[in-house]
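> with the input below, show me the fold.
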Amino acid sequence: MLDDFMTRATLAGVGVAFAAAPLGCFVVWRRMAFFGDATAHAAILGVALSLALNISVFAGAMAVALIMALVVTFLAGRGYAMDTLLGVLSHSALAFGLVAVSFLSGIRIDLMAYLFGDILAVSRSDLIVIWGGAALVVALVVWRWAALLTSTLSEELAYASGLDPKREQLILTVSLAITVAVAIKVVGVLLIAAMLIIPAAAARGFARTPEAMAVIATAIGTISAVAGLQGAYLLDTPAGPSIVCVAAILFAGLNLIGWRNRKGT
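Model (predicted):
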C-alpha cells in the first residue's frame, strides 16, 4: 500500500493535521500566530545547517525552530514589543537561512520544496518521522491539556492551582518546534503557520468546549489534507498550497454558515 506515492502523501498530510490542529487551538487562544510563523521561518536555517553538517533535516529544523521559540520567549517582556521582536527574528532567520543555502556547494537542494512543501515526494522513512513527531505532540498536548488550558485562561489562576505557566509555555514551545519540523516536508516553512491557525480558527465558531474545538479542528485539517491532495492531482496544482487553499475555503464556508445561523436566531 505504501508503494503508492499518493497513499504516502495522504498519510503524511493526515499526520501533520493530527499534530497541527490541536496545537493550533492553543496558538489561536493565546494569539500566538506570529510566534508560530517566526518558528516556522527559522526552520529554513535549520535545513541549511543540517545539510552542511550532514545530519537529519528533521533534527536540524527542530533544533533551530526550538532555539528561535526559546529566544522569543526569553526576550518577550524585556523591553521589546512582541510583534516587533517576532518580525525582526522571523524575517532575519529566513534571510540567513536562504543565504546559508546559497553557500552549500556540491549539495543539490530544491529550495521550493522546503519553502512550499513537497508532499508527493514523501518516503516511508519520512512517514515514520512525521507520524512519530505527530504522536509525540498529541501525547504532550493530551498529557498537559488541563494545565495548558488553565495557563491559557489566566497565569494567576495557574499559580493558584499550583502550576507554573512558564513550564506550560515551554511544553507548548517544544510541541510547536516538533510540529514545524515534521510539517516542513508536507507544506513547507511558508505555509506551516496556515495549517496551525486556519483549521483551529474555522472550528472556533462551532465548538462549545475546548476539547470539541480540538476535535473539529483535527477533522478540518484532515479533510483539507485529503481534499487538497486530490485537487492537486486532478488540477495539476502545487500540493502544499492546494491543501492550505482547501483549509481557507472551509474556513470561509463554515464562517458563512455560522453567520447565517446567528442571523437566523
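> where's the residue lying closest to R204 once chain neighbours are set aside, which helix or strand?
Excluding the flanking residues, the one nearest R204 by Cβ to Cβ, 6 or more residues apart in numbering is M213, at 6.1 Å. Every C-beta, even on glycine, is put in place using the N, C-alpha and C of the backbone. For M213, the element it lies in under DSSP states H and E is helix 210-235.
> cool, and V138?
helix 124-143.
> and that helix, which residues are buried?
By neighbour count with 16 or more other Cβ atoms under 10 Å, helix 124-143 contains the buried residues D126, L127, V129, I130, W131, G133, A134, L136, V137, V138, L140, V141.
> wait, V186 sits on I119?
Yes: V186 is within contact range of I119, at 4.7 Å (criterion: Cβ atoms under 8 Å).
> who's in contact with the helix holding V138?
2, 8, 11-12, 15-16, 18-19, 22-23, 26, 58, 122, 148, 171, 174-175, 178-179, 181-182, 185-186, 214 (Cβ atoms under 8 Å, 6 or more residues apart in numbering).
> all helices of the stretch 51-200 of the chain, in order?
57-75, 82-102, 111-116, 124-143, 145-153, 155-160, 165-183, 192-204 (DSSP state H, counting those that start in this stretch).
> deepest of these, which one?
Most buried of those, by mean neighbour count (mean count of other Cβ atoms under 10 Å): helix 192-204, with a mean of 27.
> now that helix - C-alpha only, PDB.
Extracted C-alpha coordinates of helix 192-204, given in PDB (Å, rounded to 0.1, in the frame of the first residue of the first chain):
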ATOM      1  CA  ILE A 192       3.100  25.700   8.300                       C
ATOM      2  CA  ALA A 193       1.500  28.600  10.200                       C
ATOM      3  CA  ALA A 194      -1.500  28.400   8.000                       C
ATOM      4  CA  MET A 195      -2.100  24.700   8.900                       C
ATOM      5  CA  LEU A 196      -1.700  25.600  12.600                       C
ATOM      6  CA  ILE A 197      -4.100  28.600  12.500                       C
ATOM      7  CA  ILE A 198      -6.800  28.100   9.800                       C
ATOM      8  CA  PRO A 199      -8.300  24.700  11.000                       C
ATOM      9  CA  ALA A 200      -8.400  26.000  14.600                       C
ATOM     10  CA  ALA A 201      -9.900  29.300  13.600                       C
ATOM     11  CA  ALA A 202     -12.500  27.500  11.400                       C
ATOM     12  CA  ALA A 203     -13.500  25.200  14.300                       C
ATOM     13  CA  ARG A 204     -13.800  28.000  16.900                       C
END
